[in-house]
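Undergrad: Mind looking at a prediction? Sequence and model below.
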Amino acid sequence: MFDADSSATETVRLTTSGEVTAAEVTEAALSRIESRNPGLNAFSAVLAEQARARARELDAQRAAGAALGPLHGVPIGIKDELDVEGCVTTFGGRGNVTPAAADGEVVRRLRAAGAVIIGKTRMPEFGQWPFTESLDGGITRNPWDRAHTPGGSSGGTAAAVASGMVPVAIGGDGGGSIRIPAAYCGLFGLKPSRGRVSSNPVPHLWWALGTTGPLTRTVADSALVYDVIRGNVAGDRYRLEEPATSFSAAAGTAPGRLRIGWSNVPVTKGVKPARAHARAVEDTARLLADLGHEVREIDPRYPDPTAAFVPQFLAGVRTEADAVERYADLEPRTRETYRLGTWVTPQVLEKALAAGDRVAERANRLFDDLDVVLSPTIGPRPRRVGALARGGTIAMTLRSRPVVAWTALWNVTGNPAASVPTGIGEDGLPVAVQLVGRIGDETTLLSLSAQLEQVRPWPLLPPQAQQ
């Protein structure tokens, strides 16, 4: 039987073997969404009839003996910044009203692989903040404790997966927006290297900062989805050579002996990690050493990414705001961000991109004698909901600063970085660490993350989702 903790990998086994139909999987997901979404607010739109029709098509294909895709019958949620044919791409707000005429490239590839697109997931407007709250969509809550945020900006994606509504949902990461919700919700979240996944139909996501990828409960599921969505098309500003091996093969292969450097030193000066996060890094370092890796504490001497990140962030918000149909319907705080970004002229943006290249060169010196860098994913413990209830752009930026203190650098540099669960803290909320690899080397991170998952399994669902 298909149940709430079935992974995408297990779902595919069941649907392709005929033990369960795609229609049954879809109905089970829709039932869970109906019962769990009202208390969490993970989905902004549920495409029930479209999902049912797609599941029937998939079942007919199997009955006819057609070749089945690698995601056959898997229900998947899509963050509301990605185009799904027939749905308004809201970016978390009210600025757009016309449904998208076609799927974006990532969604197109998911459908071609046999996935069932079941709905759109919540995000803060334009993904500006590491908390998923908005005037239009309200507050999205953490399945582990509904008084707390699931993080952001892919908070709806994380809540949908962590609660067992779907095994996989797609998010985006422009400063930590895959890794932060993964850390808050006890999920595996890999930000891919810049250029690994197509941004089509737009040439870039927040210039050099943004990437797209899944949040999942297992490493194998993440690898499975990445093998479907990775690759470029004409028009992508950033491109990357395909890896020598599949991501799924990497997740199923022992990593060998790696050189791993760990540190709790933040990129953002003056930020300290919560004790639970610092302890998780230290405990993980010891575990990795016990597994035979060469592990040592390092002084990373991270470069300051501010001069590259801030102009790209502001330019990214302004580019998306310029493209919406009804600018006046954007949130007051978003319009404030837009005004604050007027100084980011095309010349300033080009200087920011060049500064990012210099930051990347310095940061990647760490990998001259290391394979992986281990750090906290986030600074503070997950905060209570209501972060966006008061304050303008400056106040929210200051509130967000400690949350992105270890994540935003790797958006500027383009390196792959993963948030890996380590267990549950004394407050009942998940704890995680971050693994960072060389540009283009997601396979090492997947292999190492899978090893950690095997020797230190993490809870797949909150207790209330298992009832």
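TA: Cool, the structure landed.
Undergrad: The nearest residue to residue 330 once chain neighbours are set aside: what's it in contact with?
TA: Once flanking residues are discounted, residue 330 sits nearest to residue 95: 5.0 Å by Cβ to Cβ, 6 or more residues apart in numbering. Heads up, the C-betas are built off the backbone N, CA and C, glycines and all. The contact partners of residue 95, taken as Cβ atoms under 8 Å, 6 or more residues apart in numbering, are 321, 324, 325, 326, 327, 329, 330.
Undergrad: Run through the neighbouring helices and strands of the helix or strand hosting the first one.
TA: Following DSSP states H and E, one finds residue 321 within helix 306-323. Judged by 3 or more Cβ pairs under 8 Å, 6 or more residues apart in numbering; DSSP states H and E, helix 306-323 is in contact with helix 332-340, helix 346-363, helix 408-413.
Undergrad: which residues are in contact with it?
TA: So helix 306-323 is contacted by 91, 95, 126, 128, 174-175, 205-210, 327, 330, 334-335, 337-338, 340-341, 344, 348-349, 351-353, 355-356, 359, 408, 411-412 (Cβ under 8 Å, 6+ apart).
Undergrad: So among these, which ones count as buried?
TA: Among the contacts of helix 306-323, those scoring as buried are 91, 95, 126, 128, 174-175, 205-210, 330, 334, 337-338, 340-341, 344, 349, 352-353, 355-356, 359, 408, 411-412 (criterion: 16 or more other Cβ atoms under 10 Å).
Undergrad: Name the member of the contacts of residue 95 with the most neighbours.
TA: Per-residue neighbour counts (other Cβ atoms under 10 Å) across the contacts of residue 95 peak at residue 330, which has 24 neighbours.
Undergrad: Below-threshold pLDDT in the protein: ranges please.
TA: Within the chain, the segments meeting pLDDT under 70 span 1-4, 466-467.
Undergrad: so what's residue 138 up against?
TA: Counting by Cβ under 8 Å, 6+ apart, residue 138 has contacts residue 41.
Undergrad: Okay, it and residue 40: tell me how far apart.
TA: With the distance defined as Cβ to Cβ, to the nearest Å, residue 138 ends up 11 Å from residue 40.
Undergrad: returning to that earlier point: return the subset of the contacts of residue 95 lying in helices.
TA: residue 321 (DSSP state H).
Undergrad: quick one: which of the contacts of residue 95 is nearest residue 368?
TA: residue 321 (40.5 Å; Cβ to Cβ).
Undergrad: How much space separates that closest one from residue 449?
TA: 36 Å.
Undergrad: picking that back up, can you redo the helices and strands packed on helix 306-323 as JSON lines with distance to residue 423?
TA: Shown next, in JSON lines, are the helices and strands packed on helix 306-323 (distance: least, Cβ to Cβ, whole Å):
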{"stretch": "helix 332-340", "distance to residue 423": "35"}
{"stretch": "helix 346-363", "distance to residue 423": "29"}
{"stretch": "helix 408-413", "distance to residue 423": "23"}
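Undergrad: Of those helices, which is nearest residue 200?
TA: So among these, helix 408-413 is nearest, using Cβ to Cβ, at 19.5 Å.
Undergrad: could I have that closest one exported to PDB, CA atoms only?
TA: C-alpha atoms of helix 408-413 as PDB (Å, rounded to 0.1, in the frame of the first residue of the first chain):
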ATOM      1  CA  ALA A 408      24.500  33.100   0.700                       C
ATOM      2  CA  LEU A 409      28.300  32.900   0.000                       C
ATOM      3  CA  TRP A 410      27.800  29.700  -2.000                       C
ATOM      4  CA  ASN A 411      25.200  31.300  -4.200                       C
ATOM      5  CA  VAL A 412      27.700  34.100  -5.100                       C
ATOM      6  CA  THR A 413      30.400  31.500  -5.900                       C
END
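Undergrad: shift numbering so it begins at 58
TA: Sure thing, new numbering starts at 58, so read that last one as helix 465-470.
Undergrad: which other helices and strands contact it?
TA: Against helix 465-470 (3+ Cβ pairs under 8 Å, 6+ apart) you get helix 363-380, helix 403-420.
Undergrad: In the first one, which residues are buried?
TA: So the one you mean is helix 363-380. Buried-residue list, helix 363-380, by 16+ other Cβ under 10 Å: 363-378.
Undergrad: from the chain's centre, how far out does that helix sit?
TA: Relative to its chain's centre, helix 363-380 lies at 19 Å (Cα atoms, centre = their mean, to the nearest Å).
Undergrad: got it, and stretch 154-168?
TA: Going by Cα atoms, centre = their mean, where stretch 154-168 is centred and where its chain is centred differ by 18 Å.
Undergrad: ok, and what's touching the helix or strand containing residue 92?
TA: Secondary structure from DSSP H and E places residue 92 in helix 79-97. Outside helix 79-97, the residues that touch it by Cβ under 8 Å, 6+ apart are 59-61, 68, 71-72, 99-100, 103, 105, 108-109, 111-113, 115-116, 119, 129-132, 173, 175-176, 197-198, 200, 203, 216-217, 220-223, 522.
Undergrad: Of those, which belong to strands?
TA: Using DSSP state E, the members of the contacts of helix 79-97 that fall within strands are 100, 103, 132, 173, 175, 176.
Undergrad: now the residues you listed as CSV including distance to residue 279 and neighbour count?
TA: Formatted as CSV, the ones in strands among the contacts of helix 79-97 follow (distance: Cβ to Cβ, whole Å; neighbours: other Cβ atoms under 10 Å):
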residue, distance to residue 279, neighbour count
100, 21, 28
103, 24, 18
132, 16, 31
173, 18, 29
175, 18, 30
176, 20, 29
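Undergrad: Identify, from those residues, the entry nearest to residue 315.
TA: Proximity of the ones in strands among the contacts of helix 79-97 to residue 315 (Cβ to Cβ) peaks at residue 132, which lies at 35.0 Å.
Undergrad: That closest one and residue 221 touch, don't they?
TA: No. With contact defined as Cβ atoms under 8 Å, residue 132 does not reach residue 221; the gap is 11.2 Å.
Undergrad: ok, residue 68 touching residue 223?
TA: No. The pair residue 68 / residue 223 is not scored as a contact, 9.8 Å apart, by Cβ under 8 Å.
Undergrad: so where do the helices sit in the stretch 108-257 of the chain?
TA: With DSSP state H, counting those that start in this stretch as the criterion, the stretch 108-257 of the chain has helices at 162-169, 212-219, 236-242.
Undergrad: list the contacts for the residue lying closest to residue 489 once chain neighbours are set aside?
TA: Using Cβ to Cβ, 6+ apart and skipping the chain neighbours, the partner closest in space to residue 489 is residue 240 (3.8 Å). Counting by Cβ under 8 Å, 6+ apart, residue 240 touches 208, 246, 434, 435, 476, 478, 487, 488, 489, 491.
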